[in-house]
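> heads up, no residue letters with this:
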């Protein structure tokens, strides 16, 4: 029998919102494969959603910059070990310059960004290592993106932990900023239904079919239930299908259409999203020592 650790059960509970015993049974059934356990629990109707994307585990800062013509922008995330360092002037200056360099140089990948020269003449990588030596914390550059827009870039920073850029066609600056604020709050995964990959749709349809089939309905009813639930799911994960945060009676898609505007692309960074951070449990450590004699 596969040994299932308490930490694995805890992670599955955080991701699914299900009970401890259901999580342990799913992990045993899948041989400790947490991804397979999430899918199994969703098929059984024991998990409403995978909350993995919302888990914030590391410290750091998101920085954004928009070009003078308003048609391009860059977003970067850099990480450190404590919020004290994240709020310090040195780290803020480092991340701000990272965003400016990403926009100015359009690097091909993260390595290319790290090789760029800063205003002081050193590379980003050399600057990063110098910061580590001076501050005494591990510091990393995690990701960046550069967006180009037909007409305008909307940007929004929620403190320094969430940053959004959105490339818009049509509309005005106020609408572009509203779209960035909405994306920060509502976390859409895609702009429209058309952007959802077929493989993602197929997997969701499979999960919904398993759920509906377990309710004892005839096949033709199951098919209708699945398509209805799929439409509801798409409305939740696409920008166009979501209720606008400033006016929940209006869908974002209609708001854009009425303004003669469209969202061409967007990026949303949240500090530490998806990164596991070791959490020391003093009580567990003491109990382990006691049991060890």
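Looks like it arrived, so ask away. None of the values given here were measured: they were computed from a predicted structure.

> tell me what the one helix or strand residue 144 maps to is packed against?
Element membership of residue 144 [criterion: DSSP states H and E] is strand 140-148. For strand 140-148, the elements it packs on are strand 72-80, helix 89-105, helix 110-114, helix 124-135, strand 162-169, strand 262-270, judged by 3 or more CB pairs under 8 Å, 6 or more residues apart in numbering; DSSP states H and E. For glycine as for every other residue, the C-beta is placed from the backbone atoms N, C-alpha and C.

> strand partners of the last one, parallel vs antiparallel please.
If I follow you right, that is strand 262-270. Within its sheet, and counting by DSSP bridges, strand 262-270 is paired with strand 162-169 (antiparallel).

> could you check the angle strand 140-148 makes with the strand it pairs with?
With axes from the mean of the first three to the mean of the last three CA atoms, to 10 degrees applied, the angle from strand 162-169 to strand 140-148 works out at 20 degrees.

> in strand 162-169, what counts as buried?
In terms of neighbour count (16 or more other CB atoms under 10 Å), strand 162-169 has its buried residues at 162, 163, 164, 165, 166, 167, 168.

> one step back: so what touches the strand holding residue 144?
By CB atoms under 8 Å, 6 or more residues apart in numbering, the list of residues contacting strand 140-148 from outside reads 60, 71-80, 98-99, 102-103, 106-107, 110, 113-114, 124, 128, 153, 165-167, 265-267, 269.

> shaky segments in the stretch 51-200 of the chain?
Using pLDDT under 70 as the threshold, the predicted model of the stretch 51-200 of the chain has low-confidence ranges 51-57.

> Give the closest residue to residue 268 in space, chain neighbours not counted.
Nearest-residue entry for residue 268: residue 164, 4.9 Å, with adjacent residues in sequence omitted and distances by CB to CB, 6 or more residues apart in numbering.

> which of the contacts of strand 140-148 count as buried?
By the neighbour-count criterion of 16+ other CB under 10 Å, those include these buried positions: 60, 71-80, 98-99, 102-103, 107, 113-114, 124, 128, 153, 165-167, 266-267, 269.

> So what are the sheet partners of the strand holding residue 144 and their directions?
Short version: by DSSP bridges, strand 140-148 pairs with strand 72-80 (antiparallel).

> Buried residues, the helix or strand just after the partner strand. List them.
Scanning the chain past strand 72-80 towards its C-terminal end, the next helix or strand to appear is helix 83-86 (assignment: DSSP H and E). Of the residues in helix 83-86, 85, 86 count as buried by neighbour count, 16+ other CB under 10 Å.

> for helix 83-86, packing partners?
When contacts are defined as 3+ CB pairs under 8 Å, 6+ apart, helix 83-86 packs onto strand 59-66.

> Next, the angle helix 89-105 makes with the strand it packs on.
An angle of 40 degrees separates the directions of strand 59-66 and helix 89-105 when computed by the same axes, to 10 degrees.

> before we move on, back to that, out of the helices and strands packed on strand 140-148, which comes closest to residue 29?
Nearest to residue 29, of all these, is strand 262-270, at 32.0 Å by CB to CB.

> So what touches that closest one?
Outside strand 262-270, the residues within contact range by CB under 8 Å, 6+ apart are 56, 62, 75-77, 143, 145, 147, 149-150, 161-170, 179-180, 183-184, 187-188, 191, 239-240, 256.

> what's the spacing between that strand and its chain's center?
Relative to the chain's own centre, strand 262-270 is displaced by 11 Å; criterion: CA atoms, centre = their mean, to the nearest Å.

> now swap in stretch 73-84 and tell me
Its chain's C-alpha centre lies 14 Å from the corresponding centre of stretch 73-84 when counted by CA atoms, centre = their mean.

> Where is the longest helix in this structure?
Using DSSP state H to define each element, the chain has its longest helix at helix 219-237.

> For it, name the packing helices and strands.
helix 198-213.

> Could you give me the buried positions within the helix it packs on?
When neighbours are counted by 16+ other CB under 10 Å, the buried residues of helix 198-213 are found to be 204, 207, 208, 209, 210, 211, 212.

> and what of stretch 15-23?
Within stretch 15-23, the residues that qualify as buried by neighbour count (16+ other CB under 10 Å) are 15, 16, 18, 22, 23.
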